[in-house]
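Chemist: Here is my input; please provide its structure:
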Amino acid sequence: MTVFEKPGPDNTNDACRIAIERAMQKQAPIVASSTDGNAGVQLCKIAEEMGYKGKIIIVTHAYGSKEPGKNVFKDENREIISKYGVQFVTASHVLSGVERGLSSKFQGVYPAEIIAHALRMVCSGLKVAVEIGCMALDAGTIDYGKEVICMGGTGHGLDTVVVMSPSHAGRILETRVHEILCKPY
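Modeler: Now for the predicted structure:
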């Protein structure tokens, strides 16, 4: 396992190479988070450079996550990424979504938030990777019961890569993380 000195976007290129190499070995799809699309563009360019021909799914923030009716994913990045034949998943986050709204309003803690905080004990990117794997499965962009390479990050960029078998959100505790390929210290 590669351990990066610190979290953040400076690790994106290395994380992409680690993910693509393992995806090629396992003949597995890659599911990656991308807030504004910058990390998604980097992933696509590196995948092309390395000769990766497998499936790539980019999971974005939901509309309204930062500002009602708006999506923070840059249109120009969506255009670039679309040229690579990548699939997009844009949906409410499995480990926050509705529960974050409730906890903000009623000052409580809810089960999905507890799962999210437990995963963050390892690193924020692990929480993101588990979440987007489930979101991609729920959206029908990956096959149930198959291993995938999931990429998450801390804030912006990608710094965590795992091999996992996601489950549907309604059965999230059946999700299995098989390998952590890289993460920040």
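Chemist: Doesn't Lys66 lie inside a helix?
Modeler: No - when the secondary structure is assigned by DSSP: H, G, I helix; E, B strand; the rest coil, Lys66 falls in coil instead of a helix.
Chemist: and it, what is it in contact with?
Modeler: For Lys66, the residues meeting the contact criterion (CB atoms under 8 Å, 6 or more residues apart in numbering) are Val72. Just so you know, the C-beta spots here come from the backbone N, C-alpha and C atoms, and that holds for glycine as well.
Chemist: Which secondary structure state is assigned to the residue lying closest to Pro9 once chain neighbours are set aside?
Modeler: Counting by CB to CB, 6 or more residues apart in numbering, Gly157 is the residue found nearest to Pro9 once chain neighbours are left out, at 2.6 Å. Following three-state DSSP, we place Gly157 in the coil state.
Chemist: how much space between Gly157 and Ser103?
Modeler: Distance check for Gly157 against Ser103: by CB to CB, to the nearest Å, it reads 27 Å.
Chemist: Mind checking which of those two has more residues around it?
Modeler: Residue environment comparison for Gly157 versus Ser103 gives the larger neighbour count to Gly157, 23 against 15, counting by other CB atoms under 10 Å.
Chemist: Dihedrals phi and psi, the more buried one?
Modeler: Per-residue torsions, Gly157: phi 80, psi 180 (degrees, to the nearest 10).
Chemist: and if you look at Thr2?
Modeler: Backbone torsions for Thr2, taken as degrees, to the nearest 10, come to phi -90, psi 130.
Chemist: contacting residues for it?
Modeler: In this structure, Thr2 makes contact with 14, 18, 181-183, judged by CB under 8 Å, 6+ apart.
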